[in-house]
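J.: Sharing a model that was predicted from the sequence below.
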Amino acid sequence: MISTPNIIEESREKLTTISIIDAMLRDRQISLLGPVDEDSVNSLVTQLLYLEKTAPGEEITFYINSDGGEVGNGLALYDIMQHISSPVRTICLGRACSMAAVLFAAGDIREIYTHSKVMIHDPSISGRMTMKALELQTMSQDLMGTRQALAEILARHTGQPLERILEKTVTDSFFDAKEAIEFGLADRIIA
């Protein structure tokens with residue numbers, strides 16, 4: 001477990017200790033630094049809704065360094081990003097892969113650091129499975145529906161045709177900063 005450092009703020013009356021997360025939130029900055037899972041998404045949704053409530057329409061900066069994770073939870077975060085009136089400026093530092101790439105691409109303003117990478121691919125099922133034929137068929141149909149939904153989201157945010165997205169996501173497709181801009185996943189390189 002990595003501890004989150006604190007900041008000590010001094011005023012005339014006293015010294016106050018606050019977490020870096022709280023200090024960033026005060027500056028309308030949030031971050032996904034790790035997997036897209038229930039805990040990270042619940043925290044980020046809460047932060048986005050709080051920032052929207054306190055200053056609707058004001059920009060929120062969302063830093064992303066993630067290998068991705070759970071699609072269902074990621075889509076919940078995506079829906080909130082699309083629902084709020086505050087523009088969300090996404091910044092890729094390091095990596096935005098899989099579901100994290102979808103979240104990065106969904107930003108209203110999308111910036112990427114020079115040595116960062118974005119990776120898109122089809123959703124998958126991991127882990128050991130034992131199931132009956134009809135259960136497998138149902139799961140397969142659901143997975144194909146998720147594939148289509150993610151491809152449509154990426155097509156909407158990149159300007160690429162749906163067929164091109166489906167072609168690129170068959171395997172892991174990596175993009176450096178320049179390639180991410182050319183493909184429509186990012187808008188600008190932060191030098």
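T.: In hand now; what should we look at?
J.: looking at the protein, which helix or strand is least sure?
T.: strand 6-10 (a mean of 75; mean pLDDT, DSSP states H and E).
J.: The helix or strand just after it: which residues count as buried?
T.: Past strand 6-10, further along toward the C-terminus, the next helix or strand under DSSP states H and E is strand 15-19. The neighbour-count check on strand 15-19 (16 or more other CB atoms under 10 Å) flags nothing as buried. Backbone N, C-alpha and C define where each C-beta goes, glycine included.
J.: ok, now stretch 63-78?
T.: By 16+ other CB under 10 Å, the buried positions in stretch 63-78 come out as 63-71, 73-78.
J.: Need the max-distance pair from the residues you listed.
T.: Across the buried residues of stretch 63-78, no pair lies farther apart than Tyr63 and Val71, at 20.9 Å, counting by CB to CB.
J.: what pLDDT does Thr4 get?
T.: Thr4 carries a pLDDT value of 69.
J.: about what we covered before: measure how the least confident helix or strand of the chain sits relative to strand 15-19, angle-wise.
T.: Angle of strand 6-10 versus strand 15-19, following axes from the mean of the first three to the mean of the last three CA atoms, to 10 degrees, is 150 degrees.
J.: Packing partners of strand 6-10?
T.: Packing contacts for strand 6-10, counted by 3 or more CB pairs under 8 Å, 6 or more residues apart in numbering; DSSP states H and E, involve strand 15-19, helix 20-26.
J.: Neighbouring strands - and their directions - for that strand?
T.: Strand 6-10 has its sheet partners listed here by DSSP bridges as strand 15-19 (antiparallel).
J.: Quick check: mean pLDDT of the strand it pairs with?
T.: Averaging pLDDT along strand 15-19 yields 83.
J.: just how off-centre is it within its chain?
T.: Relative to the centre of its chain, strand 15-19 is centred 29 Å away, using CA atoms, centre = their mean, to the nearest Å.
J.: secondary structure class for Ser85?
T.: Per DSSP: H, G, I helix; E, B strand; the rest coil, the local secondary structure of Ser85 is coil.
J.: Nearest to Ala149 among the buried residues of stretch 63-78?
T.: Taking CB to CB as the measure, Ala149 lies nearest Leu75 of the buried residues of stretch 63-78, at 7.5 Å.
J.: Quick check: the closest one is in a helix.
T.: Yes. Counting by three-state DSSP, Leu75 is located in a helix.
J.: what's it in contact with, if anything?
T.: Shown in contact with Leu75 (CB atoms under 8 Å, 6 or more residues apart in numbering): Ala149.
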